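Asker: Below is the sequence, then the predicted model.
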Amino acid sequence: MPQIPEKIHELTVGQLAARSGAAVSALHFYESKGLIKSSRTSGNQRRYTRDTLRRVAFVRAAQRVGIPLATIREALSGLPQERTPNHEDWARLSESWRSELDTRIAQLSRLRDYLGDCIGCGCLSLEKCALSNPDDITGERVTGSVLFGERRGRGNGPKRAAGSGKEAAPVEGEGGQQAEKCC
């Protein structure tokens with residue numbers, strides 16, 4: 001990683017990209033979204049303060065765990081703009097995200113622990129499925145895959161379950177729509 005002399009207080013976009021590991025285009029994008037800011041030289045070249053390195057590192061770390069850019073921008077807006085954020089500033093920001101991150105960790109742990117069981121069911125609608133969709137109205141009445149709307153087999157014969165050759169049992173779907181039970 002290229003070292004920047006201490007006496008240099010502003011970085012070019014290329015220096016910032018090299019030090020942060022972010023592409024120049026990503027840095028321009030972050031700036032357009034209000035995540036970082038730059039000043040301009042008389043030649044209209046961007047210059048970033050050294051503390052922008054920490055902001056970029058924070059943005060990239062937050063993105064890796066799925067935090068939306070709008071949430072990241074909101075968090076960064078709470079940091080001081082007139083000075084380099086210090087340890088207390090970053091700790092305050094971190095604490096404000098603790099409960100959201102704990103919730104995400106719990107959801108991912110539950111997904112990891114239950115995913116094997118749900119792969120076998122194929123529809124995530126079984127009562128025993130820990131990951132079932134809480135808004136799945138049909139899943140409360142039937143198990144297995146369900147197709148909504150009109151699905152006709154060849155000719156004018158009875159409806160068939162997709163790929164099974166078996167006659168599909170009609171099931172009332174969400175909003176009173178007609179559905180077919182496929183398994």
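Answerer: Arrived safely.
Asker: helices and strands around the biggest helix by length in the chain, which ones?
Answerer: Ranked by residue count and defined by DSSP state H, the top helix of the chain is helix 87-121. With contacts defined as 3 or more CB pairs under 8 Å, 6 or more residues apart in numbering; DSSP states H and E, the packing partners of helix 87-121 are helix 69-77. Yep, even glycine has a C-beta here, placed from its N, CA and C like the rest.
Asker: Who are the contact partners of Ala26?
Answerer: Residues in contact with Ala26 (CB atoms under 8 Å, 6 or more residues apart in numbering) are Ala17.
Asker: Kindly recompute the last result at 10 Å.
Answerer: Ala17, Ser20, Val56, Val59, Arg60, Gln63 (CB atoms under 10 Å, 6 or more residues apart in numbering).
Asker: One more: Ala57?
Answerer: Taking CB under 10 Å, 6+ apart, we find Ala57 in contact with Arg19, Ser20, Gly21, Ala22.
Asker: how about a markdown table for the residues you listed, with pLDDT and distance to Arg92 added?
Answerer: Formatted as a markdown table, those follow (pLDDT from 0 to 100; distance: CB to CB, whole Å):
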| residue | pLDDT | distance to Arg92 |
| --- | --- | --- |
| Arg19 | 94 | 25 |
| Ser20 | 94 | 23 |
| Gly21 | 95 | 26 |
| Ala22 | 96 | 24 |
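Asker: Which parts of the chain belong to which domain?
Answerer: For the chain, the structural domains run 1-85, 86-183, going by automatic domain parsing.
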